[in-house]
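# Below: sequence and its predicted model.
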2 protein chains.
Amino acid sequence: MHKPADTDLPLAVPIRDRWSPRAFADRSVAPDVLRTVLEAARWAPSASNQQPWRYVVARREDGPAFEALLACLNEINQRWAKHAPVLMLGFAKRTTPQGKPAFYAHHDLGAASLSMAIQAAAMGLQIHQMAGIHKPAMVETVGAPDDFEPMTTLALGYPGDPDTLPGELAERERAPRTRHRFDDLFFAGTWGDALPADP
Amino acid sequence: MHKPADTDLPLAVPIRDRWSPRAFADRSVAPDVLRTVLEAARWAPSASNQQPWRYVVARREDGPAFEALLACLNEINQRWAKHAPVLMLGFAKRTTPQGKPAFYAHHDLGAASLSMAIQAAAMGLQIHQMAGIHKPAMVETVGAPDDFEPMTTLALGYPGDPDTLPGELAERERAPRTRHRFDDLFFAGTWGDALPADP
């Protein structure tokens, strides 16, 4: 399934095509493809170039390692994510190299994960990020150090057939994508003022 | 100046080409180009699709509105950002629609800003994000409601000549881009374990 952004503006193709499916094709992700997706996160920008993101990855063919990551998801997410060929756990560093709280770590993890999602879309794959997760399990499962906060889980793979999903999820998969109105998100100079319309 | 990611992996072109310049060309950003960059943020993913990002934008030709945004930056950033054709202030919503703390708001703002940066790169522009800012001034300058946290500032424009920058900044502009090693950021199954090398 293909579900591009509903927009008349000329978005770059992988940004337009990126979305968050739950149905994944039964097709494995080659190691070099996975590596390229991760490399996109590596080159994301971050506050003082601290790169506070870390990801733990497992492919479905890894068996127990994949099952262990899957068990960190809540039950609703497990129902569909168990069919994804790759799962990742995302962590944010709690402190800066100077030992202060890393105020931008969540922000920068979000940037790194989106960089991956856009890279995936550019190669015909998609990523679905999840916040419905068991955070203490994430730490314990992979042995994350105290300085890293468990934050997100990502499912990566080639999009599949919505009919493979349980009924209610199949319906959500086919529902139109929605966003706030442009003028509710972006303001000109002062909060609430609309930007001038296109000429 | 062009400063692509230093990688052998086949990153999507706008991801490879995205970087954070300080030197901007004296070239204005057309309203439809600006709108397309913002639209990329609009379609970023977010926890429960809450889209907790808001941006206040000014173009240099807006005069006082631009000067007011510029004054929210620290002095070091003002030195170069005053030449950018567009400045934006980024805010994160503090609460969810259910009135709970919006735990993923920083994360999702980071994603939205990176979506803009990649869209900008796809159109030959670049974005430089800044954390060196005066946050109370951001709120006051644009009249942001209490529920929105001032987080970032972004300079947008066409990259320019590093020689236009003060000496020390010109040097930084030309310095190679660096990142942590791949194996320090991405692990296989267990914290610290390297992913298998490419076949």
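Ah, there it is.
# now the helices: where do they sit in chain A?
Taking DSSP state H as the test, the helices found in chain A are A:13-17, A:31-42, A:64-70, A:75-81, A:105-122, A:135-142, A:167-174, A:182-185.
# Point out the most buried one among these.
Most buried of the helices of chain A, by mean neighbour count (mean count of other CB atoms under 10 Å in any protein chain shown): helix A:105-122, with a mean of 28. Bear in mind the C-beta positions are built from the backbone N, C-alpha and C, glycine included.
# Can you list the low-confidence ranges for chain A?
A:198-199 (pLDDT under 70).
# got the contact list for the residue most central in space within it?
With distances taken as CA atoms, centre = their mean, A:Gln129 lies nearest the centre of chain A, 3.5 Å away. Counting by CB atoms under 8 Å, 6 or more residues apart in numbering or on different chains, A:Gln129 touches A:20, A:113, A:117, A:152-154, B:45.
# What residues are bridge-paired with it?
Beta bridges link A:Gln129 to A:Leu154 when assigned by DSSP bridges.
# Of the contacts of A:Gln129 - the most surrounded one?
Counting neighbours by other CB atoms under 10 Å in any protein chain shown, the top entry in the contacts of A:Gln129 is A:Ala117, with 30 neighbours.
# gap between that residue and chain B?
According to CB to the nearest CB, to the nearest Å, A:Ala117 stands 7 Å off from chain B.
# May I have the residues that are in contact with that residue?
Taking CB under 8 Å, 6+ apart as the test, what A:Ala117 contacts is A:18, A:20, A:126-127, A:129, A:154, B:45.
# give me that answer again for 6 Å
A:18, A:127 (CB atoms under 6 Å, 6 or more residues apart in numbering or on different chains).
# ok, so what distance separates it from A:Ala81?
When CB to CB, to the nearest Å is the yardstick, A:Ala117 and A:Ala81 sit 15 Å from each other.
# just A:Leu38 next, same as before
Distance, A:Leu38 to A:Ala81, using CB to CB: 18 Å.
# now A:Arg181
Using CB to CB, we find A:Arg181 at a distance of 31 Å from A:Ala81.
# Next: A:Lys93.
Taking CB to CB as the measure, A:Lys93 falls 25 Å from A:Ala81.
# A:Phe66 now?
The gap separating A:Phe66 from A:Ala81 is 10 Å, by CB to CB.
# cool, A:Met130 as well?
For A:Met130, the distance to A:Ala81 - CB to CB - is 7 Å.
# Kindly report the same for A:Thr96.
A:Thr96 is 33 Å from A:Ala81, by CB to CB.
# and stretch A:187-199, C-alpha only, in CSV?
The C-alpha trace of stretch A:187-199 is given here as CSV (Å, rounded to 0.1, in the frame of the first residue of the first chain):
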residue,chain,number,x,y,z
PHE,A,187,2.6,31.8,12.1
ALA,A,188,4.0,35.0,10.6
GLY,A,189,5.9,37.1,13.2
THR,A,190,3.2,36.8,15.9
TRP,A,191,1.4,33.8,17.4
GLY,A,192,-1.8,33.2,15.5
ASP,A,193,-1.1,35.4,12.4
ALA,A,194,-1.3,33.5,9.1
LEU,A,195,1.5,33.5,6.6
PRO,A,196,0.6,35.3,3.4
ALA,A,197,-1.1,32.9,0.9
ASP,A,198,0.8,31.8,-2.2
PRO,A,199,1.0,34.5,-4.9
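# neighbouring contacts of it?
A:183, A:186, B:32, B:56-58, B:65, B:142-144.
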